[in-house]
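J.: Sequence first, then the predicted structure, then my questions.
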Amino acid sequence: MSCGGEDPGHLVLAVSGGRDSLALLIAAVVLREQDECAILPRVVHVHHHLRPEADSEADHVVAVAKQLDVPSEVRHVDVPTATAAEARRVRYEALVQAACDCRSPLVATGHHAEDQLETIIAALGRGAGPSGLAGMQPRRHLDREVYLIRPMLGVSRDDAGSLCEAADVDWCDDPGNSDVETQRGRLRRDILPVLESMWPGVARRVASMAEAQSVAATALEGLVSSVFGPPQQICWERKALSHLPMAVIMTGLRRAILATGKTGSDSVSRQSLVAASDGIGDHRSHPRTYEVGAGLVVLVDARQVKVQVGDS
C-alpha cells in the first residue's frame, strides 16, 4: 500500500494524554492558527488495553482535541505479549496505518529532552557505538512512505507541563513512567534528579549535543562503509585496515558482528574489540583470535581480518 502524495493531508500527532504529547498538540494548534498554510494536525490515540486507566486517558485525549478543534480518533490494538517492546511495535504499526489512511507522510511524537537524556545514558551503559550515543533521531523512516518526527527533543518535561498549564489543559500521568522496576523508571528516580541538581538544564544541553553527535556518527559511518563495505561483509584485507584510527576499526568490527544477528549490542566485548584493533595495527604476522561474544571471534593473521564462529 502506498500513501502520501502532492496533498499531504494531516500531520498525525501521536497523543497519549501525557504532558509531552498534549504540549505537542497545543503547539501544533498555535502553529495552525498563526500560519494558514500549516499542515493540519490530526490526533491519533493508540489504546493498548493494558491498564485500568487507559479508557479514561483515551476519553481525555478525545475531549482535549475537541476543545482545541482538532480531529481525533482512537485506534484500538492488541498487544500479544504485553511487553513494552511489543506495545511499542503495535503502536507504531497503528500510527503508520493512521497516517496512510489520512494521506499524511508524517507522524509526530512528544519525545522531549529528558527522554533523550535517558536514551543516551542507557546507550552509555550498554557501551553503544557513536550512533547510539546520538540518541533518538529528530526524523526517521517508519514504514511505507511515513516518517516519524520528534520536534520536542529540545524541550524539557517541565516546559511541556508549563505549556499545558498556560493552555488550561490537564494531563494524565502514566504510572509506568515511574515504575522503578524498569530501566527508565530507575533513571528518572535515581539518576536524572542528581544530574539536574549538578548541572541545571542538563537535559536540554545534552539534547543539543546529540544533534552534533549525530552528525559526527554519520560522518564516521560513511568512512566505515567506504573501508569495511556493507554491514554483512565479514572478511577484509588486513593491510587496508592496519593504518586506520582505532575508533574506525572498532566501529567497523562492531557493525559486522552485530550484522551477523548472533549477538546484541550489550554482549559485544569492548575489551576484545580494543585488543583486536591493536592486533590489526601491530607488526605480528602469526594468526590470533579475539573472542567478542556469542561464540564469535575476530581472526587476525598476516593477510586478513575475519569475523567468524569460534570453531570454524
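T.: Arrived safely. Residues are numbered from 1 along each chain as shown.
J.: For the chain, which segments count as helices?
T.: Using DSSP state H, the helices of the chain run over residues 19-34, 54-67, 84-101, 113-126, 130-133, 157-166, 183-186, 192-198, 202-228, 238-241, 246-259, 270-281.
J.: for the ones you listed, which one sits closest to Arg139?
T.: Minimum separation from Arg139 across the helices of the chain (CB to CB) falls at helix 202-228, 10.5 Å. For every residue, glycine as well, the C-beta is placed using N, CA and C.
J.: Go through the closest one and flag the buried ones.
T.: Residues of helix 202-228 classed as buried: 202-204, 206-207, 209-210, 213-214, 217, 220-221, 224, 228 (neighbour count, 16 or more other CB atoms under 10 Å).
J.: Centre of the chain to it, how far?
T.: 14 Å (CA atoms, centre = their mean, to the nearest Å).
J.: which strands and helices sit next to that helix?
T.: Helices and strands touching helix 202-228, as assessed by 3 or more CB pairs under 8 Å, 6 or more residues apart in numbering; DSSP states H and E, comprise helix 113-126, helix 130-133, helix 192-198, helix 246-259.
J.: tilt between that helix and helix 113-126?
T.: Helix 202-228 and helix 113-126 are oriented at 50 degrees to each other (axes from the mean of the first three to the mean of the last three CA atoms, to 10 degrees).
J.: between helix 202-228 and helix 157-166, how big is the angle?
T.: Going by the same axes, to 10 degrees, helix 202-228 is angled at 130 degrees with respect to helix 157-166.
J.: average pLDDT across helix 202-228?
T.: If you average the pLDDT over helix 202-228, you get 88.
J.: quick one on the thing from earlier: including distance to Gln304, could the helices of the chain go into a markdown table?
T.: What follows is the helices of the chain, written out as a markdown table (distance: least, CB to CB, whole Å):
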| stretch | distance to Gln304 |
| --- | --- |
| helix 19-34 | 50 |
| helix 54-67 | 56 |
| helix 84-101 | 38 |
| helix 113-126 | 30 |
| helix 130-133 | 26 |
| helix 157-166 | 51 |
| helix 183-186 | 39 |
| helix 192-198 | 45 |
| helix 202-228 | 13 |
| helix 238-241 | 6 |
| helix 246-259 | 13 |
| helix 270-281 | 10 |
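J.: Out of the helices and strands packed on helix 202-228, which gets nearest to Leu31?
T.: helix 113-126 (19.8 Å).
J.: Report the mean confidence score over the closest one.
T.: Averaging pLDDT along helix 113-126 gives 90.
J.: domain assignment for this structure?
T.: Annotated domains of the chain cover 10-206, 229-309 [automatic domain parsing].
J.: before we move on, back to that, comparing the helices of the chain by mean pLDDT, which bottoms out?
T.: Lowest mean pLDDT within the helices of the chain: helix 130-133, a mean of 81.
J.: who's in contact with stretch 288-308?
T.: By CB atoms under 8 Å, 6 or more residues apart in numbering, the list of residues contacting stretch 288-308 from outside reads 234-239, 241, 253, 256-257, 260, 262-263, 267-269, 272-273, 275-276, 279-280, 285-287, 309-310.
J.: repeat for stretch 122-142
T.: With CB under 8 Å, 6+ apart as the test, stretch 122-142 has contacts from 92, 95-96, 99, 107, 111, 115-116, 119-120, 147-151, 153, 183-184, 187, 206-207, 210-211, 213-214, 216-217, 220-221, 251, 254-255, 265-266, 268, 270.
J.: Filter those residues down to the buried ones.
T.: Buried among those (16+ other CB under 10 Å): 92, 95-96, 99, 107, 111, 115-116, 119-120, 147-151, 153, 184, 187, 206-207, 210, 213-214, 217, 220-221, 251, 254-255, 268.
J.: which ones are touching Gly185?
T.: By CB under 8 Å, 6+ apart, the residues touching Gly185 are 176-179.
J.: how about a cut-off of 10 Å?
T.: Residues near Gly185 by CB atoms under 10 Å, 6 or more residues apart in numbering: 118, 175-179.
J.: same check, this time on Ala216
T.: Ala216 makes contacts with 130-131, 133-134, as judged by CB under 10 Å, 6+ apart.
J.: Look up how far Met209 lies from it.
T.: Noted for Ala216: a distance of 10 Å to Met209, by CB to CB, to the nearest Å.
J.: Residue nearest the middle of this protein, spatially speaking?
T.: When CA atoms, centre = their mean is applied to the chain, the residue found nearest the centroid is Met136 (3.7 Å).
J.: Show me what the strand ranked longest in the chain is packed against.
T.: In the chain, with assignment by DSSP state E, the single longest strand is strand 40-47. Strand 40-47 sits against strand 10-14, helix 19-34, helix 54-67, strand 72-76, helix 84-101, with contacts defined as 3 or more CB pairs under 10 Å, 6 or more residues apart in numbering; DSSP states H and E.
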